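> need coordinates for the below:
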Amino acid sequence: MAAAALLLLALPFYLERFWLQAGLFAMAAAIGAIGINLLTGATGQLSMGHAFFLAVGAYGYCAFAGDGGDGLSGLGLPGWLAAVGAVALAGAAGGLFSPIAGRLSGAYLGIATLALIFIGQHVLFNAHGLTGGFNGREVPPLSLFGVTFDESELLVAQVPFGAAEKLWYLGLALVVASALFARGVLRGRPGRALNAIRDHRIAAGVLGIPVARYRAAAFVLSSMYAGLAGVLLALVFQRTVPEYFGMLLSLEYLAMIVIGGLGSVAGAVVGGVFVSLLPQILNRYSDALPLVSAPGTGGVAPGEASRYLYGAAIVAVVLFLPGGLVRLAARRPTRTVRTPAEER
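Numbers count the residues shown, from 1 in each chain. The predicted structure is shown next:
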């Protein structure tokens, strides 16, 4: 783990911009996947509206940090305060929906959260003064500890660091903090309560666990994780567009936690990296891969091919590896102890 940490810290010195941006997308996906894993994997609540809360985080940051110079609404807050406000706004949106989440379960909750996607898309496309409509809005750069995360160069060991390099370290810090916090929640008393609710809701209530309160709290916490992922995505994209935060994004997040491993923080990270990097790698090497062609050339586009592949990965995981990809690392070869008689 120490070697992996050193490698991740050194990568901005050597990688080109494409791979840095791909890594940043993977970090944002990992944060969002941790959030939905707390909700679906640990608590057993099916959510189809995760993309809605990512949109709340992304557009909330733009609205809080924007100064109105582009003709759109903005409060002109400092970047760090705007990011905190956007995460809080996503949590508040989850809190408004939490009474429903605390009482519904299974497919009923999934259908109810699916309505959030349609409501969010309608608002994003039609609230032009706030979201910019179809064209979206530019994302103001974040300033933190005297460092502005824009294209202005910052020399580190005589190496010029641009926006992608600076955001890389911010993204790493956010992923580590998010993973450690979620791990602490799952290993503590709240995690045991959430797992009890997932395994048998009625029995958990008999034991004295306030089921509705814990389910609502899990929904709010998951929404805040999604809001943080949305802020990081906005900073990486540098422009928010409504069509990105649609139903397909929510389905991708469900695929992440199934492929990586339900109920596991490490599994959420692994699944987020796998699902987010796959289409970008296919797009990068589409000319050299069979059956994959560049978008608009008539063949299978990289985005479609990636969905086929991680769809097949979901089927393979469900059938042959129910614990997800993270269980592969947990497996260790067992050593057979032979008795002296067997050795003779």
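
> going by C-alpha atoms from here, please, whenever you check contacts or count neighbours.
Will do.

> count the residues that sit near Pro140.
23 (other CA atoms under 10 Å).

> that one in helix, strand or coil?
At Pro140, secondary structure determined by DSSP: H, G, I helix; E, B strand; the rest coil is coil.

> got a list of what it touches?
Shown in contact with Pro140 (CA atoms under 8 Å, 6 or more residues apart in numbering): Cys62, Ala65, Gly66, Gly79, Leu235, Gln238.

> also Phe219?
Counting by CA under 8 Å, 6+ apart, Phe219 has contacts Leu39, Gly94, Gly95, Ser98, Ala101.

> which two among those residues are spaced furthest apart?
The most widely separated members of the contacts of Phe219, counting by CA to CA, are Leu39 and Gly95 (13.6 Å).

> circling back: among the contacts of Pro140, name the buried ones.
With burial judged by 16 or more other CA atoms under 10 Å, the buried subset of those is Cys62, Ala65, Gly66, Gly79, Leu235.

> between these, which sits nearest Phe145?
Gly79 (10.7 Å).

> spatially nearest residue to the closest one (excluding sequence neighbours)?
Nearest residue to Gly79 in three dimensions, chain neighbours excluded: Leu142, at 4.6 Å (CA to CA, 6 or more residues apart in numbering).

> would you confirm that the one you found contacts Leu77?
No - in this structure, Leu142 is not within contact of Leu77 by CA atoms under 8 Å, at 10.5 Å.

> make TSV out of the contacts of Pro140 and add secondary structure and pLDDT.
Formatted as TSV, the contacts of Pro140 follow (DSSP: H, G, I helix; E, B strand; the rest coil; pLDDT from 0 to 100):
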residue	secondary structure	pLDDT
Cys62	helix	93
Ala65	helix	91
Gly66	coil	88
Gly79	helix	88
Leu235	helix	92
Gln238	coil	88
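
> with the residues you listed in mind, which one is nearest to Pro322?
Leu235 (35.0 Å).

> surely the closest one touches Arg137?
No - contact criterion CA under 8 Å: Leu235 and Arg137 do not qualify, at 11.9 Å.

> one step back: now the contacts of Pro140 in CSV, with distance to Leu249?
Shown next, in CSV, are the contacts of Pro140 (distance: CA to CA, whole Å):
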residue, distance to Leu249
Cys62, 20
Ala65, 25
Gly66, 25
Gly79, 26
Leu235, 18
Gln238, 18
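
> looking at those residues, which is nearest Ile34?
Looking across the contacts of Pro140 and measuring by CA to CA, the closest to Ile34 is Leu235, at 19.4 Å.

> for burial, what's the neighbour tally of the spatially closest residue to that closest one that is not a sequence neighbour?
In space, and not counting its chain neighbours, Leu235 is closest to Val139: 6.5 Å by CA to CA, 6+ apart. By the criterion of other CA under 10 Å, Val139 has 21 neighbours.

> adjust the sequence numbering to begin at 836 for everything that follows.
All set: I'll call the first residue 836, so the last point we hit is now Val974.

> rewinding a little: now, of the contacts of Phe1054, which are buried?
Taking 16+ other CA under 10 Å as the criterion, what is buried in those is Leu874, Gly929, Gly930, Ser933, Ala936.

> need the contact list for Ala1031.
Residues near Ala1031 by CA under 8 Å, 6+ apart: Ala1038, Ala1039.

> that one falls within a strand, correct?
No - counting by three-state DSSP, one finds Ala1031 to be helix, located in no strand.

> distance of it from Ala962?
As judged by CA to CA, to the nearest Å, Ala1031 and Ala962 stand 42 Å apart.

> got the contacts of Phe1054 as TSV, with pLDDT and secondary structure columns?
Shown next, in TSV, are those (pLDDT from 0 to 100; DSSP: H, G, I helix; E, B strand; the rest coil):
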residue	pLDDT	secondary structure
Leu874	91	helix
Gly929	92	helix
Gly930	91	helix
Ser933	84	helix
Ala936	79	helix
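
> could you pull out the strands for the protein?
Using DSSP state E, the strands assigned to the chain run over residues 972-973, 978-979, 982-983, 989-991, 994-996, 1074-1075.

> figure out which of those is closest to Met883.
Met883 sits nearest to strand 1074-1075 of all the strands of the chain, at 20.7 Å, using CA to CA.

> the closest one: partners in the sheet, and parallel or antiparallel?
In the sheet, strand 1074-1075 lines up against strand 972-973 (antiparallel) (DSSP bridges).

> so for the partner strand, mean pLDDT?
When pLDDT is averaged over strand 972-973, the result is 90.

> and for it, what's in contact with it?
Taking CA under 8 Å, 6+ apart as the rule, strand 972-973 contacts Cys897, Thr966, Gln1073, Arg1074, Thr1075, Val1076.

> which residues touch Gly941?
Gly879, Gln880, Leu881.

> by neighbours, which of these wins?
Gln880 leads the contacts of Gly941 on contacts (other CA under 10 Å) with 26 neighbours.

> and that one, how far from Ser978?
With the distance defined as CA to CA, Gln880 ends up 36 Å from Ser978.

> same deal with Tyr1004?
The value you get for Tyr1004 to Ser978, if CA to CA is used, is 14 Å.
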